[in-house]
Every structure is written in C-alpha cells, then in structure tokens.
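Asker: quick one: sequence plus predicted model below, questions after.
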Amino acid sequence: MAGMEIEMIGNMTEKRNKQFGHHLLLLFDCCFAAQAGRAGSESLGKSELLAAAAMGMMTPMPGERSFTVALIKEILASYKETGVVLVKDVHTQLVKRKARLHATPIHINLRPGKRSIQLERLPDKNTSKDNTTLHGPYIPLVLKTKEDIGRLNIDSFVRWLGEDRPRDILSVQVLETTSHIQGFVRSVDTKGTPLAKAVNDTALDSIMKAWDNVSRIIDQCSSTQRSSRHDISALRAHAEDLLENLDSMNHEFVDTLERGVITANSSEELQTLDDAIDDPISDALGVVDALRLRQIVYSTGKAQTGLVEDGNTTYTGTSLQEEKRYDWYFSEQEKEVLRARIRHLAVLLSAPKDVGFQSLRCHRCEHKVFKSRYILHFEVPPAYDVSERSPLPLTTIIESAKGSARPTLDERLRIAYLLAKAVHKWHSTGWVHQGISSPNIRFFRFKDSGHIDFSRPFLLGFDFARPDSDPSIGRPTNDPYFDVYRHPARQGRARQGHRKIHDYYSLGVVLLEIGLWQSAVKIVSRTGKDLNPASVRDLLQTESTERLGHYAGALYQKAVNDCLLSRFDDDLDNKNETRALNEFYEKVVKKIRSGIVVR
C-alpha cells in the first residue's frame, strides 16, 4: 500500500480529526510502505498504524496463520492480563517468533508525544456518568496560569495532558474539589442549594469541622508560598505534603457530607433527596451515586439500574452466582415479604457505585420456586478467574495459604482498612450488611498469573432487611460457623432487629482474624468448651486485648476492641444511629488508616 492509497487514507484521517478531534487507529492485514507512511505524516495526523508486513511482502490468506487471527489473539491476551490493550505492546508480541507470522508486522505512530493508543472496554450502558469521579490512587497536579481560572477552558488542559498519557495513568482529570467544597459550605447556612437543604441539621457540626480541616490546609499552602517566595527548594519540599493533606481532607469532607444527608423517611424528605441528586454541586463533589443509593434504600421505585428479573440478560461476561435459600415451610405472606426484600437488595446491588463499596454489580435476580431459593448473578471483572480456585473466602486463605501465598502484614492491614471503609459507606447510605463474616469476604485470582488479588476484598452475603425492618424472616437457626461472627443480641429466639452496631461487632471479629491471622472458629474451638454467645464475645475480647497489639499494633488493637465492645453511641432515640456512624468513622476507619500506608 503506497502512493495514492496513503494519500486517500491521509485525506480520510484529516477529515475525521477535524470533525471529531479523535485519534485514529488503522489496522491493515496487508503490506504497507512504511517510509511513504512517515512521509505522509502531516496528512495522517493523529494516527497510529499496524500493518501485516512491509511493502512488497506477501501475507497469508485468511485462516489460522493470518495476521488478523494473530492480532485478535494478542489483543485478547493483553486485555485478559491487564484489562487494557496498548497497540505498541501488541506489535511487540506480534514480531516475536511465537506469533508464527510469515512476515514482520509494521508499526507506525504519528500521534503527538509518540504515546501509543490504549484500548479499553466501553463503559456499561447502565453505568452512571457520575462514575467518572476520581477514585483510587492519583497524583494532585497544580498548574500556574496567567489568567483567572474562570476564564480558562478546562477541557483544553485535559486534552493537552491526554496527548502523551503514560499507560499507567488510567484517566486525566482536573481536580477542583476544594473550590466546589468551598462553594457548598457558603450555601449551608442559608440552605441555598438543594444539596444543602438535604443535609441533616444534626450533621452540620461534623461537616463544618471537616471544612475547618480543609481550610487549615489551604492556609498552610498560602503561608508556605509566601514564606518561601525566594526559596524554591523550600517551597517544593512542603508542596507535596500539603497537597497530599489537602486531598485527604477533601475526601474526609465528602465522606462526612455523605453520611450527613437526610434519611428520606417521608415523601417530603424523599423529594428533598431527589432535588439534591439533580444539584450540580452534588455531581461536582462526586456524591451523586451515594445519594442515589440512599434513594434506593428508601424507595426502590426510584431505581433505574437495568436489573433483569427472571429473564435473559444482555450481559455476556463472566458471572458469579450467589444463592439465597429459604425454608419450604414459609407461609405465603412470609414468601411475599422475602420476595420484596430480595428484589430490594438486588436493585441496590445493581446500582452504580464507586469501588469503595467493595461489591460486585448484580445484573440478574432469578427465583427457583421449586428449589426454594433465589439466585443473584454478579458481574466479574474480566481480569479475574471464576472457577473452583477462585474466588476464595477469607477463611480459606487464612487457614490454607502458606509462605509467600499469604498476604504481607501491610496487605492485611490494608484489607482491614478497605473492609472498614466499605462498611462505613454502606451504613452511610442507610443499609446494613447483616452477614459480615470471613466466609462472605471473597478474593479473586488473576487469570494470567493465578495470584490472589489482595487489593480488592469483595463483600458478599448481604442479608435482606434495612435497619428499621423487622428481624429476620422465619425461625432462628444455630450455625456455630457463622454464630461466632454474630453479636450475642442477634442470636436466639429473642434476638433484636439488626442495627449498625451489630455489623460493627461482626466486622470486629473479622478484623481480629486478619490481625492475628487465625480464624475465629479455631480461636473458639481450641477451648474445648461449648460456649454461649456472651462467653464467645468475652473470649474474643480477651484475644484482642492480650495478643492483637503484638501482631498489628496498638491503633489497630484499639479499633478492634471498640468494635467488639460496641463502644459507639448506641442511642435508641437516635433512630438512624448517625452518632454511632460518626464514632465508627473516627474510632475505627481513621485509626486503621493512620497505621498503614494508603495507596
């Protein structure tokens, strides 16, 4: 391919670049004149090309040995391994002998910055646009400009940064969180925005304290810049720490705001919540998904999640199934209540949410009437294996993983932090888990390496009722394997309805297991006695007090003790337990976070 063909491609490329501004990837299962292509780089513009061979080389006919088949295999292999496809890396693999190609493929990159095009999976049609909110590791970037920021085109910065984006950078976003927080705080006193109106009055003190922390960091930034005006090295020395602290305070403010929003127990409050979801500041602060989850908790009819019920799903990826069984002797009334609760849970789990919730997305809910069970189908990230070896319950890993297969202490503490943060986020929406235990915490293996991904613990085993619902449906059951995780008040015939502090106790047992790296069942069974629920709690508290600090540190031990002893404001008159939620964040989430390197 040369001459007129290249000119034709160049004209087409130039036209598309002007029309859409996108970069173009050209794939040819034929020969291509590399030098002619480079000579025509001006017309080819923002393009990258991968061809089967150089000019004059013969290429195989369609079939197993063709360039197209080899290309597809390498693209699939790269996607399975990393979740993305970098064109340059695909070319590198194709030129190797194991690709078994008759000719050497040609790769030409004519894009600015020479960074290769990265292909990613298209976003799911049911995924909320608000999922573009920044989550996970990132680097704050400060740009000094000549003009006022309000007069600048932010999109131009994003395009500029994206031209030469390294493969390890998943996305380019301009962080304006602090300015959005400041604008929201100004509206709180006057209830000047829909989001401000949705804030519970009892949460205002916590929100303003969080803003004070943000303001303090801003003042430190300004002070450092003034005092170091003529000392660039000193300014650089302080800038990184200050920006990191500012970002941390921004996240803490948003967390405080999320748990401070009204619970929508009435139609009037539900309308206030609806208005807050439509408020642009909610989108800017990244709290829309959390508000929508709270909306679903209190009104399933509001949900628009794409959940399939007892029908064929359009999802074509790998799924994980979870069964929810019920007893055959349930009355029709109990079955109807159960059906409503299962659907409520499935809708909630199908809604868009950030990774901090540590949950898989439910795409289908199925009822097996004659087998007395419901089946929830969950989407599994493409990089993970689903087989007899994966996913693995935390209990299995604790009891069977040996040597280097075990997570390091740093990984274990990070797992504990992610789980505590996830429980806090679920409680902030108004939903309790009711089944927190090591068997219900799963880890996947990577398809390519077979290694366990300890960076993503997934919460499964959610029960069906909200905090203000009745106790569990049906008769109580005795299961020593799970009872060890249950608060004593949740066991026996006189058990209480499930509340946040009961989840905190269950989490405390799991955190104890992670810290000691020993299962709670083994801790209890080694006594050789048949212990009642109160005695089990006393034993676990003793293990935490006497042993845990030596394994995981004093801060971690204090956090676990607070969970096991329920050291939170358990005010029964405080219907939504917002005080307990705030105290859990301070006493558990922040304590565990302060003891590890959060990446």
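Answerer: Everything's here; your move. Numbering: from 1, shown residues only.

Asker: quick one, helices of the stretch 301-450 of the chain?
Answerer: Here the stretch 301-450 of the chain has its helices, by DSSP state H, counting those that start in this stretch, at 332-350, 394-400, 409-429.

Asker: just those: most buried one?
Answerer: When the helices of the stretch 301-450 of the chain are scored by mean count of other Cβ atoms under 10 Å, the highest mean neighbour count falls to helix 409-429 (a mean of 22). (Glycine included, C-beta is placed from N, CA and C.)

Asker: which helices and strands does that helix pack with?
Answerer: Contacting helix 409-429 under the criterion 3 or more Cβ pairs under 8 Å, 6 or more residues apart in numbering; DSSP states H and E are the following elements: helix 232-259, helix 288-298, strand 458-459, helix 500-516, helix 549-552, helix 554-564, helix 578-584, helix 590-594.

Asker: just the ones you listed: most buried one?
Answerer: The densest packing among the helices and strands packed on helix 409-429, expressed as mean neighbour count by mean count of other Cβ under 10 Å, is seen in helix 500-516 with a mean of 25.

Asker: rewinding a little: for the helices of the stretch 301-450 of the chain, which one sits closest to residue 450?
Answerer: Each of the helices of the stretch 301-450 of the chain was checked against residue 450 via Cβ to Cβ, and the shortest separation belongs to helix 394-400, namely 13.9 Å.

Asker: please state the offset of that closest one from the chain centre?
Answerer: A distance of 23 Å separates the centroid of the chain from that of helix 394-400, by Cα atoms, centre = their mean, to the nearest Å.

Asker: spell out for me which residue occupies the centre of this structure.
Answerer: Taking Cα atoms, centre = their mean, the centroid of the chain lies closest to residue 355, which sits 0.7 Å from it.

Asker: and the pLDDT at it?
Answerer: The score at residue 355 is 91. That number is its pLDDT.

Asker: thinking again about what came up before, where among the helices and strands packed on helix 409-429 is the average confidence lowest?
Answerer: Taking each of those in turn, the one with the lowest mean pLDDT is helix 232-259, at a mean of 72.

Asker: what element comes up after that one heading to the C-terminus?
Answerer: Using DSSP states H and E, the helix or strand that directly follows helix 232-259 along the chain is helix 267-278.

Asker: between helix 288-298 and that next one, find me the angle.
Answerer: With axes from the mean of the first three to the mean of the last three Cα atoms, to 10 degrees as the criterion, the two stretches helix 267-278 and helix 288-298 enclose an angle of 160 degrees.

Asker: elements contacting the helix or strand following helix 267-278?
Answerer: The first helix or strand that comes after helix 267-278 along the chain, using DSSP H and E, is helix 280-285. In this structure, helix 280-285 makes packing contacts with helix 177-188, helix 194-197, judged by 3+ Cβ pairs under 8 Å, 6+ apart.

Asker: wait, which of those helices is closest to residue 216?
Answerer: Taking Cβ to Cβ as the measure, the helices and strands packed on helix 280-285 were each checked against residue 216, and helix 177-188 came out nearest at 12.2 Å.

Asker: what mean pLDDT does the closest one get?
Answerer: Confidence for helix 177-188, expressed as mean pLDDT, is 82.

Asker: what packs against that helix?
Answerer: Helices and strands touching helix 177-188, by 3+ Cβ pairs under 8 Å, 6+ apart, are helix 194-197, helix 204-227, helix 232-259, helix 280-285.

Asker: switch to 6 Å and redo it
Answerer: Under the contact criterion of 3 or more Cβ pairs under 6 Å, 6 or more residues apart in numbering; DSSP states H and E, the helices and strands touching helix 177-188 comprise helix 232-259, helix 280-285.

Asker: who's in contact with it?
Answerer: 193, 196, 211, 250, 253, 281, 284, 285 (Cβ atoms under 6 Å, 6 or more residues apart in numbering).

Asker: neighbours around the third one, how many?
Answerer: Think residue 211. In terms of burial, residue 211 registers 19 neighbours under the definition other Cβ atoms under 10 Å.

Asker: what about the spatially closest residue to it that is not a sequence neighbour, distance to residue 326?
Answerer: The spatially closest residue to residue 211, leaving aside those adjacent along the chain, is residue 185, at 5.0 Å (Cβ to Cβ, 6 or more residues apart in numbering). When distance is defined by Cβ to Cβ, to the nearest Å, residue 185 is 48 Å away from residue 326.

Asker: go on, residue 586?
Answerer: Residue 586 sits 38 Å away from residue 326 when distances are taken as Cβ to Cβ.

Asker: looking at the two now, which is surrounded by more residues?
Answerer: In this view residue 586 and residue 326 are compared by other Cβ under 10 Å, and residue 326 has more residues nearby, 17 against 12.

Asker: surely that one and residue 373 touch.
Answerer: No: using Cβ atoms under 6 Å, residue 326 is not in contact with residue 373; the gap is 7.0 Å.

Asker: next one: residue 77 from residue 99, what distance?
Answerer: With the distance defined as Cβ to Cβ, residue 77 ends up 11 Å from residue 99.

Asker: anything in contact with each of the two?
Answerer: None of the residues lies in contact with both residue 77 and residue 99 under the rule Cβ under 6 Å, 6+ apart.

Asker: surely residue 78 and residue 84 touch.
Answerer: No: in this structure, residue 78 is not within contact of residue 84 by Cβ under 6 Å, at 7.5 Å.

Asker: neighbour count winner among those two?
Answerer: The residue with more neighbours, out of residue 78 and residue 84, is residue 78; 19 against 15, by other Cβ under 10 Å.

Asker: grab the nearest non-local neighbour of that one.
Answerer: Per Cβ to Cβ, 6+ apart, closest to residue 78 is residue 85, 4.7 Å.

Asker: how near is that neighbour to residue 73?
Answerer: From residue 85 to residue 73 the distance is 12 Å (Cβ to Cβ).

Asker: same question, residue 503
Answerer: In terms of Cβ to Cβ, residue 503 sits 46 Å off from residue 73.

Asker: same deal with residue 440?
Answerer: 38 Å.
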